[in-house]
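got a predicted structure plus its sequence, pasted below:
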2 protein chains.
Amino acid sequence: MKNKFVKAVAVIALGSAFMTSCKPKSSGDAVSGDAAQKAYVAPGKYDEFYNFVSGGFSGQLSVYGLPSGRLFRVIPVFSVDPEKGWGYSEETKPMLNTSQGFVPWDDLHHTEMSQTNGEVDGRWVFGNANNTPRIARIDLKTFKTAEIIELPNSGGNHSSPFITENTEYVVAGTRFSVPADYSNGDVAINTYKENFKGHISFVKVGKEGEMDLAFQIVTPGVNFDLSHAGKGKSHGWFFFSCYNTEQANTLLEVNASQKDKDFIMAVNWKKAEEYIKAGKGKKQSVKYAHNKWDEKTHTAKSEIKTEVLVLDSAELKDICYMIPCPKSPHGCDVDPSGEYIVGSGKLAALIPVFSFDKLQSAIAKKQFEGDYGGIPVVKYEAALHGEVKKPGLGPLHTEFDGKGNAYTTFFVSSEVVKWDIKSLKVLDRVPTYYSVGHLCIPGGDSKKPFGKYLIAYNKITKDRYLPTGPELAQSAQIYDISGDKMKMILDFPTIGEPHYAQAAPADLIRNNGQLKFYKIGENNHPYVTKGEKESKVVREGNKVHVYMTSIRSHFAPDNIEGIKLGDEVYFHVTNLEQDWDVPHGFAIKGADNGELLIMPGETTTLKWVPKKVGMYPMYCTDFCSALHQEMSGYVRVSPAGSNVPITYSVGTNLPATK
Amino acid sequence: MKNKFVKAVAVIALGSAFMTSCKPKSSGDAVSGDAAQKAYVAPGKYDEFYNFVSGGFSGQLSVYGLPSGRLFRVIPVFSVDPEKGWGYSEETKPMLNTSQGFVPWDDLHHTEMSQTNGEVDGRWVFGNANNTPRIARIDLKTFKTAEIIELPNSGGNHSSPFITENTEYVVAGTRFSVPADYSNGDVAINTYKENFKGHISFVKVGKEGEMDLAFQIVTPGVNFDLSHAGKGKSHGWFFFSCYNTEQANTLLEVNASQKDKDFIMAVNWKKAEEYIKAGKGKKQSVKYAHNKWDEKTHTAKSEIKTEVLVLDSAELKDICYMIPCPKSPHGCDVDPSGEYIVGSGKLAALIPVFSFDKLQSAIAKKQFEGDYGGIPVVKYEAALHGEVKKPGLGPLHTEFDGKGNAYTTFFVSSEVVKWDIKSLKVLDRVPTYYSVGHLCIPGGDSKKPFGKYLIAYNKITKDRYLPTGPELAQSAQIYDISGDKMKMILDFPTIGEPHYAQAAPADLIRNNGQLKFYKIGENNHPYVTKGEKESKVVREGNKVHVYMTSIRSHFAPDNIEGIKLGDEVYFHVTNLEQDWDVPHGFAIKGADNGELLIMPGETTTLKWVPKKVGMYPMYCTDFCSALHQEMSGYVRVSPAGSNVPITYSVGTNLPATK
């Protein structure tokens, strides 16, 4: 430990150590019948809001209802899910491809809903992969991951996937600076200052949501943490918090906590666009994967791209500006008007609020205090609207209610604090159990927040629920913020580790063309079987393609013989049902693979390489009807070189042998 | 379709097709404040019961609270979980080993808690794998899967993991009969009647929970569906429902629905034990895996066993008896007294209730109506206590409240029906939304049910919640059964596909020696690092072992150089924290693997084979402190043949080079 300050920091950092003995406390409001009525959604009634919650280290995205806190669905995004065949079915494997091959896990940190005119529009949710830097787009017509794009030159994509007010761009900033992919990566770690670079990525979003890596901006090596776009008057700008401006490369808890101020980096992306148009982007050779789901063929394709345009922030002096921000800023949030930019320095004892107008004026007047690796540093006071004094300990994130109020989470003092954006006065504070990280107010980072509820996503659970051994679920809390004072109404455990979340009114998502099932007539899967009389088994060398159908309550074919050791068997299963919520599952005994869950009208493929001669039952895994238990069959596997011919049948509907 | 009856069956089987247009209905009780108060658990208050719910096609086990319906934890059992490193860490990979190698997915159908004197004792929960036949034991001290045993000669382990009243045995019956592993498996499927056999397995459970495959009983080829042990007076017997006594092998929905009665097979396992002692078991060569977790070394071992003792039900005439049961029986449930055995024929219009006393008398008097493949068939009337007339359509499962009442679920008529066990009179019925499968009453299959709540695990969800595209969560409902009439109090969505579930009072589990963290002093992992000064990096040929520690808020070492392409790197990460709920995560960029979640005091290993020269950030994935974002480091990967030596460091605490 280098000095007293650092020791103090370490004490703050431990924080939770002092909470071990705390017992669950009831909020006075919460135990009343009033809170029960507010959080309870009676059978047959609907929740008011969808809540799209990042799964953190699960790599997936969770959909909850508000105010009930009920988990409606876990959408597989960046991690394999053997339950749904995600990353196991032939169709979905390409979705998890990267420039370094198939990656079965990631860490989905933040969610961001698409916007039109700065308002949540209910079309897509984006999620970022923190480990292998990527951005995913989830389509809210199907609640499926539709696209994943990888980001080169990056290490840990954390300040992502925040968007501009018409979803023109979704951004990504490297959390860990690394030697650029287009440079020599085999350098000593202690050459950080010269060889490690930051890259922030601007990914263009098309009308159908399709993503394209438009350009990157290279910066000095720092850690980009979070970001938010400008809106309204500040549309055209993006703001990124950065820590480790000390450029330390070891024991960051000490060495990256030295400076009293780090930065928020303001990026004029409209200007950057101009430079790209003017040919100022340098073409750099890199490799990144771009994976797209095709709803027509029910398959995914992965493409490896090889080039990116990079703008140099030190060379082009008017695209990036550093705003000093105390201390190790984490959250970087912009109020609904676009005027106020809130930097939450997790080691700071105050919250600075910057003014977009003052920033513009400071830039125009060149009120700089030097540069940082070639990027002009705006004078702190010149860009400052003001500071929220003594708000709490360890500020992390801020959201807005659209009524002029900001709500900031405090990890160390374990509370949410409501304050007035203009006057900077603290209006209310409520405890969280324990050590809140992100928070979410429906539409709370848009131009038109929907308000009503605030959800705190807490980092420490301890004794909030019945214990489950050493490992506990994460914990969230819902507050009613419709009145002057915040009122806790519900504790609910969450899966994975929720970081950022977004929420939108139920009707916005429900009335947006949501799909209930796939039309079998429009299924263009290369191995679709549109009726059970067309089902068949076709041998092509050692590959055997089973064109299979499923409908309550049988597979066609349901008996297959003539498979031999050494064969690769592809079960292409088409679910012929044409109604909502009639999936069928498919599994075969001893699968060295996942199962399939096939939605109505869909075709999905399981590859199976049998390892032993014998009789293999196959069956529907999703209880589909009163005769679900009868929905089964057998596959006979004979020795390699056996002369058992391919035969197959389903009851009397097909010839026993073909 | 063969006849009118079969067509009728098909209509019943489709069932849910007619529900498409139904709209959510509010139960009169449910919308009242009364229901809200009953289901609501205020912040800081605890649920009354733990609910251990099978994950079905997820392969995992979920822990919910009752009456709140909140999900406390998903325990990985039979499927990989990249989030927790289950099946990805070196320590856990052996847990998913089978006789055919590593299997990443399964279908966990039923849960059963251990019992002492027929009462739930809170020590373990067992779960069955339906696809690759296995039984798992989850230890309720740690909420971790402690042991998995595979079952030879089986195809689809469905009628499992039900136990005897002192947890002497946990059983498994093959759902799909198959040629025995010790016979020639390469036979034509249409030789089912001669070559396909059923095997039921008795797995002995030791004092510490350790499982051992004691013996199997071979039967004619049928489908064993569910089972329950006798208790009290019927202790020493086990009852298995069987369908497809037609021995059909294709289009079972028609061909296995021909007979008006199938069977419940009564097994005298005490007699079977005597035969085993007398040497009547035939030693058969088979292969099955037996995987055990060792809490001392925090590692798992997988052993392949090669022999099983098999008793022949046709040869030993007094161990198995068939009781005729209308029609395609599914659930097979024994009341708390052990006198009444309920067979739920899913295609029957009544529920037969058999009497254990009458069965014993019928056996003594040889009131048989012939045999089935050598097994005596008891006369229906001779074993029958009586029939519940017109109870509903599609009965599936029955549980008990300990007050003389039985509760049966009906899939087709979508309801739960309460009836009097002795008088067989229907007392109450409530709708379910929609098409209920299993149900659970706390302790509801033991000698001492705890009653109070009944949970219906429904098979169809449709419009119960805000929609999430074509794929919907499963749905459950909680009823208050403390009064004469059942009252629905909550709808809650569930993950995976819950089949059977068990529940027990919170205090029984909490006060059973539950662990909060592992003592670092007792950690005997072969690669443990008990203090950060002992951390090191050791090269052994192309294997590099990183002895790493994690403590808020850094890893030691946090910089590693000298890794080369072609190396296999093993990160053995020990979490030095000694407090509850302070896990650390570990991940390295571009991992071709999962992450690690390391509980306090634990050591866990991630294998990593880098594919490209470059700089790889590693970081803590579980937000652990105010300086969590600083808990990171770098690994430099150099080309094969490079002369960069192994060096490592963490700040000033360790020499930069060793």
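Alright, I've got the coordinates.

quick check: beta-bridge partners of the residue most central in space within chain A?
Nearest to the mean C-alpha position of chain A, counting by Cα atoms, centre = their mean, stands A:Gly127 at 2.6 Å. In this structure, A:Gly127 bridges to A:Thr111, A:Ala136 when assessed by DSSP bridges.

measure it to chain B for me?
Distance, A:Gly127 to chain B, using Cβ to the nearest Cβ, to the nearest Å: 15 Å. All C-beta atoms are positioned from the backbone trio N, CA, C, and that covers glycine.

wait, isn't that residue in contact with A:Ala136?
Yes: in this structure, A:Gly127 is within contact of A:Ala136 by Cβ atoms under 8 Å, at 4.7 Å.

shared neighbours, these two?
Common neighbours of A:Gly127 and A:Ala136, using Cβ atoms under 8 Å, 6 or more residues apart in numbering or on different chains, are A:77-78, A:108, A:161.

let's have the residues you listed in TSV, adding secondary structure, pLDDT and neighbour count.
What follows is the shared contacts of A:Gly127 and A:Ala136, written out as TSV (DSSP: H, G, I helix; E, B strand; the rest coil; pLDDT from 0 to 100; neighbours: other Cβ atoms under 10 Å in any protein chain shown):
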residue	secondary structure	pLDDT	neighbour count
A:Val77	coil	98	29
A:Phe78	coil	98	30
A:Leu108	strand	98	32
A:Pro161	coil	98	28
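
ok, those residues vs chain B, which is closest?
A:Phe78 (9.3 Å; Cβ to the nearest Cβ).

ok, the closest one to A:Tyr570 distance?
Separation of A:Phe78 from A:Tyr570 (Cβ to Cβ, to the nearest Å): 26 Å.

what of A:Thr603?
A:Thr603 is 11 Å from A:Tyr570, by Cβ to Cβ.

where does the residue of the stretch 201-350 of chain A found nearest chain B land on pLDDT?
Residue nearest to chain B within the stretch 201-350 of chain A: A:Leu251 (2.6 Å; Cβ to the nearest Cβ). Predicted confidence (pLDDT) for A:Leu251: 93.

around it, count how many other residues there are.
A:Leu251 has 26 neighbours, counted by other Cβ atoms under 10 Å in any protein chain shown.

correct me, but it touches B:Asp558?
Yes: contact criterion Cβ under 8 Å: A:Leu251 and B:Asp558 qualify, at 6.5 Å.

could you pull up the residues touching the residue of the stretch 401-550 of chain A found nearest chain B?
Residue nearest to chain B within the stretch 401-550 of chain A: A:Gly469 (3.6 Å; Cβ to the nearest Cβ). For A:Gly469, the contacting residues are B:140-144, B:514-516, by Cβ under 8 Å, 6+ apart.

residues near the residue lying closest to A:Val187 once chain neighbours are set aside, how many?
Spatially, and ignoring its direct neighbours in sequence, A:Val187 is nearest to A:Asn195 (4.6 Å; Cβ to Cβ, 6 or more residues apart in numbering or on different chains). Counted by other Cβ under 10 Å, the residues lying close to A:Asn195 total 19.

look up how far chain B lies from A:Ile163.
Separation of A:Ile163 from chain B (Cβ to the nearest Cβ): 22 Å.

now do the strands in the stretch 101-250 of chain A.
A:101-102, A:108-116, A:119-129, A:134-139, A:144-150, A:155-157, A:169-176, A:197-205, A:211-220, A:223-229, A:237-243 (DSSP state E, counting those that start in this stretch).

just send these back as CSV, with distance to B:Thr167 too.
Formatted as CSV, these follow (distance: least, Cβ to Cβ, whole Å):
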stretch, distance to B:Thr167
strand A:101-102, 42
strand A:108-116, 41
strand A:119-129, 44
strand A:134-139, 45
strand A:144-150, 43
strand A:155-157, 48
strand A:169-176, 50
strand A:197-205, 56
strand A:211-220, 55
strand A:223-229, 52
strand A:237-243, 54
